[in-house]
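Peer 1: predicted model, plus sequence, below.
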Amino acid sequence: MARRDTNTWRGREADRYHRTMPDESLSAETAFARRSARILLLDKEDRLLLFRFLVDRHAPELGHFWATPGGGVDEGEQLRAAAIRELHEETGLLVSDDELGPHVALTGGPAVFSWAQGLFQDDFFFHRVQEHQVDTSGFEELEASQITQFRWWPLAELAATGETVYPLGLAPLLADLAAGRIPESPVRLPWHH
């Protein structure tokens, strides 16, 4: 796949999303309240798979948001292994470590939830499929109660939607990925909490 020229990347693309690794204050020893491995799954028609989550499963009237497949990294689990596991559990797609695409983005920051508070980080892997029939039978009970549907989003529609989609700033990155412009290191997307 083609790689973007670093000078071009830093110049014209700087306003689209941030090309940096985690904050310098973060290290391999950083204790995250939660670290997630997520997948940007794109099909041959350049459509992204997203799941529709309830903001609060006990209060559906509070609305929803869309997010990529993925979830928490288990203690002692490698990031890529977590992405492979989550992709299989949530979509039925089984890929090997060699088949899974590159680590292309991350987002993170502080957040407070009823179940955890502290520093969170979501890491995103890019993976292409020709097509895939999504199988959600591997959902855990909590996922099944929060996720109300899935949808393959055309990139132009995703860029123009008024719906809430996480991570923020996804559309420009996806346009680059679909065009074969893979970042040399993960780009930082804006944190949403």
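Peer 2: Right, received. Where do you want to start?
Peer 1: do you have the strands of the protein handy? List them.
Peer 2: Taking DSSP state E as the test, the strands found in the chain are 34-42, 47-54, 64-67, 70-72, 103-112, 117-128, 147-154, 165-166, 187-188.
Peer 1: Glu131 contacts Asp43, correct?
Peer 2: Yes - counting by Cβ atoms under 8 Å, Glu131 does reach Asp43; the two are 5.6 Å apart. Heads up, the C-betas are built off the backbone N, CA and C, glycines and all.
Peer 1: these two: which has the busier surroundings?
Peer 2: Using other Cβ atoms under 10 Å as the criterion, Glu131 and Asp43 rank with Asp43 on top: 14 against 9.
Peer 1: contacting residues around the nearest residue to Asp123 once chain neighbours are set aside?
Peer 2: Of all residues not flanking Asp123 in the chain, Leu106 sits nearest, at 4.9 Å (Cβ to Cβ, 6 or more residues apart in numbering). Contact analysis of Leu106 by Cβ atoms under 8 Å, 6 or more residues apart in numbering lists Met21, Pro22, Gln121, Asp122, Asp123, Phe124, Pro186, Val187, Arg188, Leu189.
Peer 1: give me the local confidence score for Leu106.
Peer 2: Each residue has a pLDDT score; the one for Leu106 is 96.
Peer 1: for Glu86, see how far away it is.
Peer 2: Separation of Leu106 from Glu86 (Cβ to Cβ, to the nearest Å): 15 Å.
Peer 1: buried ones among the contacts of Leu106?
Peer 2: Buried by 16 or more other Cβ atoms under 10 Å: Pro22, Gln121, Asp122, Asp123, Phe124, Pro186, Val187, Arg188, Leu189, out of these.
Peer 1: can you redo these as a markdown table with distance to Ala175?
Peer 2: Below are those laid out as a markdown table (distance: Cβ to Cβ, whole Å):
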| residue | distance to Ala175 |
| --- | --- |
| Pro22 | 24 |
| Gln121 | 24 |
| Asp122 | 20 |
| Asp123 | 20 |
| Phe124 | 15 |
| Pro186 | 17 |
| Val187 | 13 |
| Arg188 | 17 |
| Leu189 | 14 |
